[in-house]
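*Asks:* Turn this into a structure:
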Amino acid sequence: MAAQTVTPVQPARRFLLPGSAHIAVIAVPIAIYLVALAGGTSLAVFFAVGSAVGFTLQRARLCFVSAFRDLFMLHQGRTLRGLLIGLAVGSIGFAMVMSTIVGDPSGGRTPEDAHILPLGIATVVGGLLFGLGMVLAGGCVSGSLYRMGEGYLGSWVAMAGVMGGLYAMNRTWNWWWDHTISTAPRIWLPTQLGYTGSLVLSFALFGLVYVGTLWWERKQAFVANVTIRRAQPAPPASIADDVRLALRGVFRREWTPVTGAIVLSMLNILLFVRYRPLGVVGEISRWANDLGASVGAPIGLLKGLDSLAGCAAAIAEGASWFTDGFMLNIGIVVGAFTAAVLAREFRLRVPRQPKRYVQSLGGGLIMGYGAGLGLGCTLGAFYSAIPSLALNGWVYGLAMAGGALIGTRIIRRLT
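*Replies:* Presented below is the predicted three-dimensional model:
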């Protein structure tokens, strides 16, 4: 079919700042970093990594929801394929880190901070609920954090729902612990396959899913490709022009999902080298618990948390709100805000239809309960668990995909 020229739709008016204000926006995360550094090195590191994560997610529009929702609703697997490449990079890096902690994995010892979690019915139910909730809410937990920084009011509502869902989960946590989680096995692939065998199996699965997305895309009805012709910029005339183009590529142009996923995995590896892999749910769960206690409805003792890695362990952190997890989560919001302003993409987005608030809140509630039950979200129980070479990451991801499929069908009915 012959290419057609299409006039691009004029973008919505965005929040523009003069150059001096851009400098002020950049100064904000720097100032927070210096204040955090005065409180402790780890606080500053987690804030810096969180800011970089938020910046990366915003520039690449790296949304875990779109990776699954677009696959089922639009037959597009571009974002999911980017995540698969990021997972492959993360798996290599994590294997190198874990091999320095546990040299011989066949002995039954596992790296403490890796996201090797109990695998059972709670993993499946948690993944299903999370996948369903994130599609309804329009964003996963980490996605909601970065979209909060972009000015999406609906994401703030979704986050309130997530906190409510986590609080409800914590009220029922001991029942789940007693009946299934406490006896569920923790299957770390290197124990049976070694590091090399685990990586070979992981890469085989990555390749299978990658090819599967290509096959799935080709199943869709034929759609003609439309070429949008844009004016090509003049070639750089000086070194200064080269530098400006490079900076524009970082701060103004949208990154590809592959670039975003690789950068996200590198940040995850760097954090794991010194501290622990990425995860945001445990800290948000602690916020929900603290707020409940402040209104006279404390959670009480939660069983087994001291034996769990990943997101669950953060629930039991100290009484101060200013923890490593707090700085990581706030950093994601600040980093996304900074990226959005520099790219001239920040603006307050207020849902016009009341049902969107209900959908965001309800989806957040379901997502929060699933995240608490599955011991993490897309970032902790999926994107950090699979590189940890833990079987629970694959099972959670598969269940999450099933929940996302159900969610897309509900969305179709709602629209």
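*Asks:* I'd like to know how many residues surround Asp306.
*Replies:* 9 (other CB atoms under 10 Å). (C-beta placed from N, C-alpha, C; glycine too.)
*Asks:* Next: Glu254.
*Replies:* Neighbours of Glu254 (other CB under 10 Å): 14.
*Asks:* What about the nearest residue to Thr213 once chain neighbours are set aside? Give its phi and psi, please.
*Replies:* Using CB to CB, 6 or more residues apart in numbering and skipping the chain neighbours, the partner closest in space to Thr213 is Gly77 (3.0 Å). Note on Gly77: backbone dihedrals following degrees, to the nearest 10 are phi -110, psi 20.
*Asks:* And the helix or strand containing Leu247, how far out from the chain middle?
*Replies:* Element membership for Leu247 (DSSP states H and E) is helix 239-251. Between the centre of helix 239-251 and the centre of its chain there are 28 Å (CA atoms, centre = their mean, to the nearest Å).
*Asks:* Beyond that helix, next helix or strand please.
*Replies:* Using DSSP H and E, the first helix or strand after helix 239-251 is helix 257-274.
*Asks:* Name the residues of that following helix that are buried.
*Replies:* 257-269, 271-272 (16 or more other CB atoms under 10 Å).
*Asks:* re the thing from before, would you mind measuring from the residue nearest to Thr213 to Ala288?
*Replies:* 34 Å (CB to CB, to the nearest Å).
*Asks:* now Cys311
*Replies:* 13 Å.
*Asks:* Tell me which of those two has more neighbours.
*Replies:* Neighbours were counted for Cys311 and for Ala288 using other CB under 10 Å; Cys311 has more, 32 against 23.
*Asks:* Which parts of the stretch 201-350 of the chain are helices?
*Replies:* Taking DSSP state H, counting those that start in this stretch as the test, the helices found in the stretch 201-350 of the chain are 239-251, 257-274, 281-294, 324-342.
*Asks:* could you dump those to TSV with distance to Phe203 and mean pLDDT?
*Replies:* Shown next, in TSV, are the helices of the stretch 201-350 of the chain (distance: least, CB to CB, whole Å; pLDDT from 0 to 100):
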stretch	distance to Phe203	mean pLDDT
helix 239-251	29	76
helix 257-274	14	97
helix 281-294	28	92
helix 324-342	29	95
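*Asks:* Determine which stretch of those is the most buried.
*Replies:* helix 324-342 (a mean of 25; mean count of other CB atoms under 10 Å).
*Asks:* any weak-confidence spans in the stretch 1-150 of the chain?
*Replies:* 1-21 (pLDDT under 70).
*Asks:* and Ile411, what is it in contact with?
*Replies:* Arg69, Met73, Val135, Leu136 (CB atoms under 8 Å, 6 or more residues apart in numbering).
*Asks:* Of all pairs in the residues you listed, which one is the farthest apart?
*Replies:* Met73 and Leu136 (13.0 Å; CB to CB).
*Asks:* one step back: look at the residue nearest to Thr213 and say how many residues are nearby.
*Replies:* Neighbour tally, Gly77, other CB under 10 Å: 22.
*Asks:* my guess is it meets Trp215, correct?
*Replies:* No: using CB atoms under 8 Å, Gly77 is not in contact with Trp215; the gap is 9.4 Å.
*Asks:* quick one: Pro351 and Val358, what's the gap?
*Replies:* Taken as CB to CB, the span from Pro351 to Val358 is 10 Å.
*Asks:* From Phe326, how far out is the residue nearest to Thr213?
*Replies:* For Gly77 relative to Phe326 (CB to CB), the value is 35 Å.
*Asks:* sorry, back to before: just the contacts of Ile411: which are in helices?
*Replies:* Arg69, Met73, Val135, Leu136 (DSSP state H).
*Asks:* Tell me where the stretch 1-150 of the chain has helices.
*Replies:* 19-39, 41-60, 64-73, 78-101, 121-137, 141-150.
*Asks:* So which of these is nearest Asp113?
*Replies:* Comparing the helices of the stretch 1-150 of the chain by CB to CB, helix 78-101 comes nearest, at 8.3 Å.
*Asks:* now that closest one: how far from the chain's centre is it?
*Replies:* The answer for helix 78-101 is 14 Å, by CA atoms, centre = their mean.
*Asks:* i'd like the first residue to be 789 from this point on
*Replies:* Sure, I'll start numbering at 789, so the last one becomes helix 866-889.
*Asks:* what comes up buried for that helix?
*Replies:* For helix 866-889, by 16+ other CB under 10 Å, it's 866-883, 885-886.
*Asks:* Please apply the same query to stretch 905-917.
*Replies:* Leu905, Pro906, Leu907, Gly908, Ala910, Thr911, Val912, Val913, Gly914, Gly915, Leu916, Leu917.
*Asks:* So which residues make contact with that stretch?
*Replies:* 964, 968-975, 1096-1098, 1100, 1154-1155, 1157-1164, 1169, 1173, 1178-1180, 1183-1188, 1190-1191, 1194.
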